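1. can you look at this prediction? I've put the sequence above it.
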Amino acid sequence: MHTSRRSFLQKTALLAAGSTLLSRQLFAAPASAHITGIQLYSVRDDMKTDPVGTLNALAAMGYVYVEHANYVNRKFYGFSPSEFRKVLDSHGLKMRSGHTVMGREHWDAGKKDFSDSWKYTVEDAAVVGQELVISPWLDESLRKTYDDMLRYMEVFNKSGELCKKSGMRFGYHNHNFEFNQSLNGKKVYDIILENTDPSLVAQQLDMGNLYGTGADALAIVKQHPGRFVSMHVKDEIKATKPGTGEGYESTVLGTGVANTKAITDQGRKTGGTTHFIIEQESYQGKAPLECAKEDLAVMKKWGY
C-alpha cells in the first residue's frame, strides 16, 4: 500500500460520508471473456485538471474500459452519474467498476440497514453502468478484534445483496494490512475470504499492494480458485523515495519484480478473473499518460 493512495481513500471516504466448487461455478469464465481497463487513479492529476481531455486521450490509446476512484457528493469527477455516462459514451468508453469506500457510517446496526449515502452509491453506480461496486479500504476501527471483523463481513454480504438488486456485485480491494494483520491467528485477508459469500462479494486482488508483505500473490490465486473476479495488474520496483509502502512502488508493467504476468495469467486460468485493471501510481519521472500507454501496450503483448 502506498501512503498517498491510503490518504486519498480516507479523504474520499470522509467526503462521501463457500466452497471452491461454488466459486468456480460462479466466477470461472473462458479466457476470451475478459476486459482490460485502467484505474483512473493512475492518471489522477490529469483527471483532476481535465477529466474530459484525459478520457479522450485514454480512448485514443485504445482503452475501452475505465475504473473510477472519485465519487464525491453523488458526482463522478464533478459530473452527475447521467452526465458522466454521456461523457464516457461520447468517447466509446465503459466503466464496469469503481472504488468507493464503504465505512462504519454507511451501516446503521440498530436499524440493520444502510445509510442513504450508501444506497445512493449503489444507485449511481448502476446509472453509469458498473458491474462491480468496490470498497478499497477497511477502516481500522472495523478490524480491531476478530468479532469486529465477523460482524462487518456480514455487512459486506448485505452490501452484496443490495448491489445484486441492481444487477451488480459488491467487491473488496486489498491493500497491505490484510496480510500484515492477524486476528485470532488468522490473516485479515483470510478472514475476509472465509466469511464472505462468493456469490455476493467479489474480490479484486491488488498484486502490487501486497508486494513486500511476505504474501505471495501467485500462491494466493492458486489456493483460492474462482475468488478473484477482478485484479489490479501492477508491477513493482524498489521505492525511489523512502517511506513508500513496504519499500516498493509501482512501475511500468513488465519492468519490475512482481511476477506480474504469471499472476495475471493465473487469474485468467483459475482465478475466475474477468476484469484486468491496470494501475500505476508512481512513474519514475515519466508522465502518467505516457505510462498508461506503455502499460496497455504490454497488456496487449501479453494477450489481454
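-> Arrived safely.
2. how about the closest residue to residue 282 other than its chain neighbours: which residues does it bridge to?
-> Leaving aside its sequence neighbours, residue 282 sits nearest to residue 249 (Cβ to Cβ, 6 or more residues apart in numbering; 3.9 Å). From N, CA and C alone the C-beta is placed, and that goes for glycine too. The partner list for residue 249 in beta bridges (DSSP bridges) reads residue 237.
3. buried sites along stretch 38-56?
-> Neighbour counts over stretch 38-56 (16 or more other Cβ atoms under 10 Å) mark 38, 39, 40, 41, 42, 43, 44, 46, 47, 51, 54, 55 as buried.
4. farthest residue from the center of the protein?
-> residue 110 (29.5 Å; Cα atoms, centre = their mean).
5. can I assume residue 163 sits in a helix?
-> Yes: assessed with DSSP: H, G, I helix; E, B strand; the rest coil, residue 163 lies in a helix.
6. tally of neighbours for the nearest residue to residue 234 once chain neighbours are set aside?
-> Residue nearest to residue 234 in three dimensions, not counting chain neighbours: residue 208, with 3.0 Å by Cβ to Cβ, 6+ apart. When neighbours are counted by other Cβ atoms under 10 Å, residue 208 registers 30.
7. over to the one 3 residues further on?
-> The local packing count at residue 211 equals 29, with neighbours defined by other Cβ under 10 Å.
8. my guess is residue 94 contacts residue 85. True?
-> No: using Cβ atoms under 8 Å, residue 94 is not in contact with residue 85, being 9.7 Å away.
9. please enumerate the shared neighbours of the two.
-> Residues touching both residue 94 and residue 85 (Cβ atoms under 8 Å, 6 or more residues apart in numbering): residue 129.
10. which residues in the stretch 51-200 of the chain form helices?
-> Taking DSSP state H, counting those that start in this stretch, the helices of the stretch 51-200 of the chain run over residues 51-61, 81-90, 116-128, 146-164, 177-180, 188-194.
11. is it possible to export those helices to TSV including distance to residue 271?
-> Shown next, in TSV, are those (distance: least, Cβ to Cβ, whole Å):
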stretch	distance to residue 271
helix 51-61	26
helix 81-90	27
helix 116-128	23
helix 146-164	19
helix 177-180	17
helix 188-194	13
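12. and residue 36, which of the three is it?
-> strand.
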